[in-house]
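>>> Just to be clear, the model below is a prediction. Sequence and coordinates:
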Amino acid sequence: MKIEMDTEKANDAIRNGTLPKTVESALEALQPEAAYFTTQNGCRTAFIFFDLTDSSHMPKFSEPFFMELGAKVSYTPVMDRDDLRKGLAALGR
């Protein structure tokens, strides 16, 4: 999951103290394997790696970032080593 935060809304969230609460609440809900914070395209950006077991959870995970930070949120499915082996084995070669 990539979260690109709107600069003005994130500035306001820092000033009023809600940014740490929003991020911590999200991390608690996601239970990520890893979370990294940087800048990208001139915006505060987070990369959060977690197991999305049900795509119907996407609104629950995304909406706090949309609503509170005006963020752009994107999901990119990836495989771990075991998933890759399984996928390649399914090719039957």
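Sure thing, it's come through.
>>> and the gap between the closest residue to Phe65 other than its chain neighbours and Gly42?
What sits nearest to Phe65 in space, not counting adjacent residues and going by C-beta to C-beta, 6 or more residues apart in numbering, is Ala71, at 4.0 Å. Heads up, the C-betas are built off the backbone N, CA and C, glycines and all. As for Ala71, its distance to Gly42 is 14 Å (criterion: C-beta to C-beta, to the nearest Å).
>>> So those two - more neighbours on which side?
Between Ala71 and Gly42, counting by other C-beta atoms under 10 Å, Ala71 is the more crowded of the two (23 against 8).
>>> Just the pLDDT at Asn11, thanks.
At Asn11 the predicted local distance difference test score is 97.
>>> Surely it is in a strand?
No: remark: Asn11 does not belong to a strand; assigned using DSSP: H, G, I helix; E, B strand; the rest coil, it is helix.
>>> would you list every one of the helices in this structure?
Per DSSP state H, the chain has helices spanning 7-15, 18-30, 58-69, 81-89. These are given in chain order.
>>> Between those helices, which one is closest to Asp51.
Nearest to Asp51 among these is helix 18-30; the distance by C-beta to C-beta comes to 9.1 Å.
>>> For stretch 17-27, which outside residues touch it?
10, 13, 35, 46, 48, 61, 64-65, 68-69 (C-beta atoms under 8 Å, 6 or more residues apart in numbering).
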